[in-house]
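**Student:** kindly generate the corresponding structure for this input.
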Amino acid sequence: MTEPAKGTEKGTEESTPEVDEEDDGIPTRGDDLGEPGPPLDHRAPFYVGFIGGLGALTAIWLGLHVQAVGSTLMLVVVALFLAAGLNPAVEFFERHGLRRSVAVLTVIILFLIAVALFLVAIAPVIADQVTALSKNVPTWLDELQHNRDIQRLDDKYDIINKAKDYVAQGDLVGRLFGGALGIGLAVLGALFNGFVIIVLTLYFLSSLEKVKSALVSLAPASRRERVAKLGDRVLHGVGGYVSGAFIVAVCAGISSLIFLFVAGLGQYAVALAFVVALLDVIPMIGATIGAVIVTAIAFATDWKIGVACIVFYVLYQQIENYVIYPRVMSKSVDVPGAVTVIAALVGAALFGIVGALMAIPTAAAILMLVREVWIRRQDER
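**Tutor:** Presented below is the predicted three-dimensional model:
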């Protein structure tokens with residue numbers, strides 16, 4: 001029996017189509033779609049430009065939407081900072097034997113009591129004293145006319161008479177906010193923002209550990225321990241700064257309140273002390289602005305009280321800068337003076353007063369991460 005020729009066998013194999021039994025015996029060829037081409041060149045100019053353009057459009061789209069909800073995000077950030085500021089109080093109660101949940105509940109109750117006391121007891125007094133201040137403004141403007149330089153400017157621009165008319169009409173707030181409707185909307189907006197901040201602060205404070213765990217879980221498993229420790233240090237620094245700034249502001253307000261009662265400005269003492277405490281929170285310039293406001297009102301009342309205010313605030317700011325502030329902030333932030341100034345200016349330019357308030361703890365957190373991550377890696381090379 002003769003064997004078939006090799007060429008014939010080869011030819012037979014090449015000419016026999018592949019049969020797919022599941023397709024009712026219809027023959028198909030595996031190479032009908034052609035050979036796959038080479039992969040796309042990721043360095044091609046068109047590819048790079050197209051992908052880069054998509055990335056730029058996506059970034060612009062995200063930026064526009066973030067800008068649209070910027071006010072809401074600002075409320076969230078403020079609430080986070082306040083929650084971080086209240087966290088040291090929670091840790092204080094935890095160190096004294098309370099569980100985390102009980103400590104959080106205690107701090108929340110104390111916080112709500114403090115807010116209620118301010119609204120019920122202090123806010124009406126401040127409102128009455130602000131009204132008394134506004135009534136005395138025309139008298140003080142009359143006294144300014146005795147100054148030759150101011151009188152020369154008034155003769156040229158008629159500033160004092162316009163200011164007196166503006167204040168005497170009793171509609172100063174209405175003009176500032178656009179009438180009665182504007183005042184109502186401004187008050188409602190402020191109350192709503194305050195309510196949202198309080199609710200978010202309490203929520204973040206109660207779920208701070210869960211938020212920390214969720215953020216740490218996003219890191220690789222091999223680095224979670226280090227990320228958790230860095231996050232705890234950042235949180236401790238931010239919380240220490242916020243609570244420390246509150247303590248420094250309270251010291252400024254209480255000392256101003258005592259001094260103003262002693263100096264003879266008791267009728268405006270509570271309102272002016274509140275202004276000093278509120279402005280003292282602003283880095284660098286807040287304490288100076290508060291001192292200037294109080295001193296100007298004191299000079300308008302009596303020049304002797306004005307001189308006493310100058311002496312008092314010059315001495316107090318030295319004590320605050322070199323005694324109170326270093327002791328309160330020694331364990332929370334470690335930021336060089338130049339970085340503090342730059343951070344405060346940048347924060348104020350970007351987000352106003354809120355940005356200036358958050359600039360220093362943010363700068364401290366960034367410096368800490370740079371020292372612990374980037375500089376350490378550079379030292380190991």
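
**Student:** low-confidence ranges in the stretch 1-150 of the chain?
**Tutor:** 1-32, 121, 123, 126, 129-130, 132-150 (pLDDT under 70).

**Student:** ok, now the stretch 251-381 of the chain?
**Tutor:** Ranges of the stretch 251-381 of the chain meeting pLDDT under 70: 330-334.

**Student:** please, where are all the helices along it?
**Tutor:** Counting by DSSP state H, counting those that start in this stretch, one finds helices in the stretch 251-381 of the chain at the ranges 269-280, 286-301, 303-319, 325-329, 337-369, 376-380.

**Student:** among those, which is nearest Lys229?
**Tutor:** helix 337-369 (11.3 Å; C-beta to C-beta). (C-beta placed from N, C-alpha, C; glycine too.)

**Student:** check which residues of the closest one are buried.
**Tutor:** Within helix 337-369, the residues that count as buried by 16 or more other C-beta atoms under 10 Å are 340, 343-344, 347-348, 351, 354-365, 367-368.

**Student:** packing partners for that helix?
**Tutor:** Using 3 or more C-beta pairs under 8 Å, 6 or more residues apart in numbering; DSSP states H and E, the elements in contact with helix 337-369 are helix 70-95, helix 224-263.

**Student:** so which of these is nearest Phe204?
**Tutor:** helix 70-95 (3.8 Å).

**Student:** where exactly do the helices run in the stretch 101-250 of the chain?
**Tutor:** Using DSSP H, counting those that start in this stretch, helices in the stretch 101-250 of the chain cover 123-144, 148-157, 159-168, 172-177, 179-206, 208-216, 224-263.

**Student:** list the helices and strands the longest one packs on?
**Tutor:** Helix 224-263 sits against helix 70-95, helix 208-216, helix 269-280, helix 286-301, helix 303-319, helix 325-329, helix 337-369, with contacts defined as 3+ C-beta pairs under 8 Å, 6+ apart.

**Student:** now do 7 Å
**Tutor:** helix 70-95, helix 208-216, helix 269-280, helix 303-319, helix 325-329, helix 337-369 (3 or more C-beta pairs under 7 Å, 6 or more residues apart in numbering; DSSP states H and E).

**Student:** reformat those helices as TSV; add distance to Ala103.
**Tutor:** Rendered in TSV, the data for these read as follows (distance: least, C-beta to C-beta, whole Å):
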stretch	distance to Ala103
helix 70-95	4
helix 208-216	11
helix 269-280	27
helix 303-319	33
helix 325-329	22
helix 337-369	23
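
**Student:** and Arg226, which of those is closest to it?
**Tutor:** helix 208-216 (9.9 Å).

**Student:** quick check: buried residues in the closest one?
**Tutor:** 208, 216.

**Student:** ok, stretch 224-239 next?
**Tutor:** 228, 230-231, 234-239.

**Student:** what of stretch 260-280?
**Tutor:** Those would be 260, 263, 265, 267-277, 279-280, for stretch 260-280 by 16+ other C-beta under 10 Å.

**Student:** quick revisit: can you list the buried residues of stretch 224-239 in TSV and add distance to Val248 and pLDDT?
**Tutor:** Output for these, formatted as TSV (distance: C-beta to C-beta, whole Å; pLDDT from 0 to 100):
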residue	distance to Val248	pLDDT
Ala228	30	87
Leu230	27	86
Gly231	26	85
Val234	21	84
Leu235	20	84
His236	18	83
Gly237	16	82
Val238	16	82
Gly239	15	82
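
**Student:** distance to Ala84 for the residues you listed - can I get that in CSV?
**Tutor:** Shown next, in CSV, are the buried residues of stretch 224-239 (distance: C-beta to C-beta, whole Å):
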residue, distance to Ala84
Ala228, 16
Leu230, 15
Gly231, 11
Val234, 9
Leu235, 6
His236, 9
Gly237, 9
Val238, 4
Gly239, 4
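
**Student:** what's the closest of these to Gly70?
**Tutor:** Closest to Gly70, out of all of these and judged by C-beta to C-beta, is Val238, at 21.0 Å.

**Student:** list the contacts of the closest one.
**Tutor:** Each residue near Val238 by C-beta atoms under 7 Å, 6 or more residues apart in numbering is listed here: 81, 84, 361, 365.

**Student:** burial of the second one, as a residue count?
**Tutor:** The criterion is other C-beta atoms under 10 Å. On that basis, Ala84 has 24 neighbouring residues.

**Student:** quick check: it touching Ser243?
**Tutor:** No. Counting by C-beta atoms under 7 Å, Ala84 does not reach Ser243; the two are 8.6 Å apart.

**Student:** number of residues surrounding Pro39?
**Tutor:** Pro39 has 6 nearby residues by other C-beta under 10 Å.

**Student:** quick one: Ala365 from Ala249, how far?
**Tutor:** 21 Å (C-beta to C-beta, to the nearest Å).

**Student:** Val339 now?
**Tutor:** 22 Å.

**Student:** returning to what we had before: report the two of the buried residues of stretch 260-280 separated the most.
**Tutor:** Among the buried residues of stretch 260-280, Gln267 and Asp280 lie farthest apart (C-beta to C-beta), at 22.0 Å.

**Student:** can you tell which of the helices and strands packed on helix 224-263 is closest to Phe46?
**Tutor:** Using C-beta to C-beta, these put helix 70-95 closest to Phe46, at 36.0 Å.

**Student:** the closest one to helix 337-369, inter-axis angle?
**Tutor:** Helix 70-95 and helix 337-369 are oriented at 70 degrees to each other (axes from the mean of the first three to the mean of the last three C-alpha atoms, to 10 degrees).

**Student:** check which helices and strands whatever helix or strand Gly49 lives in sits against.
**Tutor:** For Gly49, the host element (DSSP states H and E) is helix 45-68. Other helices and strands packing on helix 45-68, by 3+ C-beta pairs under 7 Å, 6+ apart, are absent; none qualifies.

**Student:** just the CA atoms of it, as PDB, please.
**Tutor:** Output in PDB follows, covering the C-alpha atoms of helix 45-68 (Å, rounded to 0.1, in the frame of the first residue of the first chain):
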ATOM      1  CA  PRO A  45       1.800  63.800  19.100                       C
ATOM      2  CA  PHE A  46      -1.900  63.300  18.200                       C
ATOM      3  CA  TYR A  47      -2.400  60.700  21.100                       C
ATOM      4  CA  VAL A  48      -0.600  62.900  23.600                       C
ATOM      5  CA  GLY A  49      -2.400  66.000  22.500                       C
ATOM      6  CA  PHE A  50      -5.800  64.300  22.500                       C
ATOM      7  CA  ILE A  51      -5.400  62.700  26.000                       C
ATOM      8  CA  GLY A  52      -3.900  65.900  27.400                       C
ATOM      9  CA  GLY A  53      -6.900  67.900  26.000                       C
ATOM     10  CA  LEU A  54      -9.300  65.500  27.600                       C
ATOM     11  CA  GLY A  55      -7.500  65.800  30.900                       C
ATOM     12  CA  ALA A  56      -7.500  69.600  30.700                       C
ATOM     13  CA  LEU A  57     -11.300  69.700  29.900                       C
ATOM     14  CA  THR A  58     -12.000  67.400  32.700                       C
ATOM     15  CA  ALA A  59     -10.000  69.500  35.100                       C
ATOM     16  CA  ILE A  60     -11.800  72.700  34.000                       C
ATOM     17  CA  TRP A  61     -15.200  70.900  34.400                       C
ATOM     18  CA  LEU A  62     -14.300  69.800  37.900                       C
ATOM     19  CA  GLY A  63     -13.000  73.200  38.800                       C
ATOM     20  CA  LEU A  64     -16.200  74.900  37.700                       C
ATOM     21  CA  HIS A  65     -18.300  72.500  39.600                       C
ATOM     22  CA  VAL A  66     -16.200  72.900  42.700                       C
ATOM     23  CA  GLN A  67     -16.400  76.600  42.400                       C
ATOM     24  CA  ALA A  68     -20.200  76.400  42.200                       C
END
